[in-house]
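> turn this into a model:
(one chain, ligands or ions: 1)
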Amino acid sequence: MNTITGLKGQSNQEIAHKLNELLANYEVYYQNLRGFHWNIKGSDFFVLHEKFEELYNAAQLSIDEVAERILTLGEKPLHTYTDFVAASSIKEYKDLSDSKSTVEALLESLRILISLEREILSMAGEANDEGTLALMSEYLAAQEKTVWMFASFLNK
Ligand SMILES: [Fe+2]
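Next up, the predicted model:
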């Protein structure tokens, strides 16, 4: 039993492990967005430069929330680049500079984050872990909206 959450140790641990996978993906996603923000070129520069910054700032907040949720559940958050890259399904994107490839990479990354968050949401639901569940709901709603906007941007 976790003395902070009052939840069963086993589900706490399983959820925390999955949250660490999410954390790793968020970190790679964050750094990719910084690269897109710096390297973007072309007629969409002003729009995307700013939009990518907005997204990496949001990601930075989520990263801290997820790490601290892992601690609240009694586990340790990953915190090194080596561990992040090893545990992340989102790959590192290097030298992307046009709007189509950056936005496609963003949409693929969001697809991965959304699917992981759904998995965690369902685990948290089964474990009555309302704290984790609420975080996932918040991320999912925001990211689904972002997907809609960027898919529209690509005319899809
Ligand atoms: Fe900047």
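
> which regions of this structure sit below the pLDDT cut-off?
Nowhere does the chain drop to pLDDT under 70.

> most centrally placed residue in the protein?
Computing the C-alpha centroid of the chain and ranking residues by C-alpha atoms, centre = their mean puts residue 26 first, at 3.7 Å.

> what residues does that one make contact with?
59, 62, 63, 66, 113 (C-beta atoms under 8 Å, 6 or more residues apart in numbering). For every residue, glycine as well, the C-beta is placed using N, CA and C.

> rerun at 10 Å
19, 59-60, 62-67, 84, 88, 90, 109, 113, 116, 139 (C-beta atoms under 10 Å, 6 or more residues apart in numbering).

> out of those, which is most surrounded?
Within the contacts of residue 26, neighbour counts (other C-beta atoms under 10 Å) peak at residue 19, which reaches 28 neighbours.

> please verify my assumption that that one contacts residue 124.
Yes. With contact defined as C-beta atoms under 10 Å, residue 19 reaches residue 124; the gap is 9.4 Å.

> which residues are in contact with both of these two?
Listed as contacting both residue 19 and residue 124 by C-beta under 10 Å, 6+ apart are 69, 117, 132, 135, 136.

> out of the residues you listed, name the two that are farthest from one another.
Maximum pairwise distance among these (C-beta to C-beta): 12.3 Å, between 69 and 117.

> next SSE after the helix ranked longest in the chain?
Longest helix in the chain, counting residues (DSSP state H): helix 9-39. Sequence-wise, the next helix or strand downstream of helix 9-39 (DSSP states H and E) is helix 45-72.
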